[in-house]
Structures are given as C-alpha cells and as structure tokens.
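[1] Output the structure for:
(chains A and B)
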Amino acid sequence: MATTSLSARAVREAPRPEVDALKALDDSALVARFLDGDRRGFSELVERYQTRLLNFVYRTTGDRERAEDLVQETFIRVYRHLHRFDQTKKFSTWIYTIASNLAKNELRNRSRNPLVLFQAIRKTWEADQRPLEWEDNTYRPDDLFRKRHLRHLVESAVEELPEHHRAVFVLREMEGKTYEEIAEITGCNLGTVKSRLNRARNNFAQIIAPLLG
Amino acid sequence: MIDCCDFLDRYSEFRDQLLDAEDSEAFERHLESCDSCARYDRVVSGGIETLLRLPHVTPSPDFADRLGSRLSRMDEVLESSSTSGAPVALVIAVAATIGAAAWLPALRENPQPMRLPPAFAHAPYHPQLIPMVLQPGLLAVPAMYAPANGSRAPGFAAYSLLGTTATQTPTRVTQAAR
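    As a prediction, this is how the structure comes out:
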C-alpha cells in the first residue's frame, strides 16, 4: 500500500524552499505527488483544507470541538484510502463527501436521544411540508439593536435549519459548491438538491427577515 | 409573466443564474414590480453576506501535531503488520480458537446434565410428603432428611437439586454431612 510506507511526519514537515511550489500545484497534482512518495503533498492538502472543512463541519454540527475531531478523522481516512481515490474525480468533492458523512453520522448518533429524534423529525417534517411563503414583515428594530443581533441571528438561523437542508445550504452558500458537487457530496439527486436549497433559503429568510430588508 | 409563487418556487435557480435568458428576464421584471419579492431577494442576499462575514473558525494550534501523531501511530501499526503476516494470522487463529471454545459445549451431541452441589435448608419435617417429592425427574428432590446425629428430629431436612433419585444422594450427602 503506497500510503503506509510514507512517514506520518508529512503533516508536520514541509521544507520552506518548496512550499511555494507546492502551493502552486492543484489538488490532483498534490495527490499524485503524495502517491509517488512525496509526503509534502499530503501536508499541503491538510494545509489547504483544514480550515474549510472545519468551518463546514462546524456549521453542520454546531459543535466546535467535535468538528475538529471529525476533521482529523477525515484526514486520517484520506491518508489511508488515498491510493483508492479515483484521480479522474475532483479531490475536493471526495474529501467533502467524507467530512459530510462523518458529520451526518455525528448528527445521527446525537439524534438517538428520543426527544432529540422527535424534535428533529418534527422540524424536518414542518420544513418539508410548509408551502414556500414570504411575508413582508413590517417590524423594524432600531439600527443599534439590529447590528448587535444580526450576526447572532444569522448563525442561529443556520443552526435552526433541518439537518439535510443545512448541509446543502452551507455547501452552497459558504463553500461555493455547484449543484452537481452538492449532489455528489450528499448523495442526493439534482432535483433534491434544488428543492432543499430553495427551502433552506426560504426558512433562512423567514428567520432573519425582522432584522433585514 | 410569473407570479410570487413561481418566484419563490424557482428563486434558487434565479439566484444561482441557472435560468435561461427568457425566464431570467421574467424574474427581473417581477422583481421590479413586486416589493414583497424584491424584499425577499434583499433579505436572502443580505443574510448570506452577513453569514460570509462571520469570523471563520480556525483549527487549534496543535491540530497538525495531533494529526501527525495519529498518523504516526497508524503507520507503525500498518507497517508492523505488513512486514510480517504473523500478527494478522495470530489474531485470526486466536479468534478462531476462542470461537471454537465458546461453541464447543453447544456442539456436543449428548450434553451432560449439570450437577450442582447439594443445598441445605431448614424446613418443617413432613414425612407424609416425602413419597411425593421422591419421584425421579423432579427438579428438586429431598436428598436427605435424616439429621446429622442420626435421630429423626423434625424440622430439619437437606435437599439436593440433583434431579436424581433419592436412593443415591442421601448416602453421599449424609457422608458429607458427617
């Protein structure tokens, strides 16, 4: 197995003279270098994806510390299975798929609590069944209040989205993924991605409308 | 011409510029003429702008070190198992032995009945009940009801949970008691 013969110090070591050259490489070139025995390829991949994945998993799970553990686990799996990665595919989609599945498992484990499960099912059902609507809310809080609470409200609006809407929303709005990439990462078809994204945006707008517009 | 329901239904495609030119123009015209939908568009855009301005979460300073340590341990395990096939074979052999040992009693064709040591208990002496409980095959049969000093004092009996006949057990238990 190609990966097992490589030192794990790959993550920590990256000689400075070649750092710029590595940064100029695209993901598939880094993967190829790593598989050819250049461990700095993996180091650069970690550097490139750690913050993005952490933010994605954090926004999906809502737990900062657990998100970091899950991102570590993501890199462990990449390291172990990179030799099996189909290099005709996009590396970023693959690594996001791994992270997304780990986040999904985490949420599933949490939802085994019957109360949490019931609340999640109810929230999901309501979000899926409610017709898309938009009310022109005339509530206008003063500007100071608005500024103070807008950030918090936007963050909690994302947390309040049902799990399967939230993942699609974060991937699209925060990670800039295309519909096709989101479909691949989440294992849904394009129609489902469109529908979930539209509902997620609608729910998001309903929550933050009092402070915006 | 689209209405507000159409607008909301296909808003994501409009926002992400997935509509064809004709539909896109229809959406633009609707936005110009409908205050409510225009506000919806502003809220979504403004909310997402705010979301993107939120401070990013950054990995803790020891993130790379911890990851490196985990990968090192993983490498060591994988390398030791790849340099010699013995550990894997050993694990499989041990697992197979444990499994066989665990299933062996169940695989016997004629399992022996479990024999428990005699249990002693104080109970009222009722000689008229003894023929009933001396029936072979009962779960609990009286093993001995003679007291240790040989007299037939009432109020003491020794029972054995052997499921066997009383002709064998009283002798053994009596000897043990003596």
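
[2] From here on, just use CA atoms for contacts and neighbour counts.
    OK.

[3] tally of neighbours for residue A:170?
    Residues near residue A:170, counting by other CA atoms under 10 Å in any protein chain shown, number 22.

[4] For it, give me its contacts.
    Each residue near residue A:170 by CA atoms under 8 Å, 6 or more residues apart in numbering or on different chains is listed here: A:56, A:59, A:60.

[5] got a list of what residue A:102 touches?
    Residue A:102 neighbours (CA under 8 Å, 6+ apart): A:70, A:74.

[6] Pull the contacting residues for residue A:28.
    Residue A:28 neighbours (CA under 8 Å, 6+ apart): A:87, A:90, A:91.

[7] top of those residues by neighbour count?
    For these, neighbours tallied by other CA under 10 Å; top is residue A:91, 20 neighbours.

[8] Quick check: it touching residue A:27?
    Yes: contact criterion CA atoms under 8 Å: residue A:91 and residue A:27 qualify, at 6.4 Å.

[9] And the contacts of residue A:28, which is closest to chain B?
    residue A:91 (19.6 Å; CA to the nearest CA).

[10] So that closest one versus residue A:45, what's the distance?
    Taking CA to CA, to the nearest Å as the measure, residue A:91 falls 10 Å from residue A:45.

[11] How about residue B:73?
    Taking CA to CA, one finds residue B:73 at 20 Å from residue A:45.

[12] Overlap in contacts, residue A:91 and residue A:45.
    Joint contacts of residue A:91 and residue A:45 (CA under 8 Å, 6+ apart) are residue A:27.

[13] From the contacts of residue A:28, which land in strands?
    Residues of these located in strands (DSSP state E): none.

[14] how does the chain divide up, domain by domain?
    Here I'm looking at chain A. A:3-108, A:114-211 (automatic domain parsing).

[15] wait, I meant chain B there
    Split by automatic domain parsing, chain B gives B:4-53, B:63-107, B:119-177.

[16] thinking again about what came up before, right, so of the domains of chain A, which gets closest to residue B:44?
    Residue B:44 sits nearest to domain A:114-211 of all those, at 5.5 Å, using CA to CA.

[17] residue nearest the centroid of chain A?
    residue A:56 (3.0 Å; CA atoms, centre = their mean).

[18] ok so it is a helix residue?
    Yes: with DSSP: H, G, I helix; E, B strand; the rest coil as the criterion, residue A:56 is located in a helix.

[19] for the closest residue in space to it that isn't next to it in sequence, phi and psi?
    Using CA to CA, 6 or more residues apart in numbering or on different chains and skipping the chain neighbours, the partner closest in space to residue A:56 is residue A:170 (6.8 Å). As for residue A:170, its main-chain torsions (degrees, to the nearest 10) stand at phi -70, psi -40.

[20] Can you give me the pLDDT of residue A:170?
    Listed pLDDT for residue A:170 reads 96.
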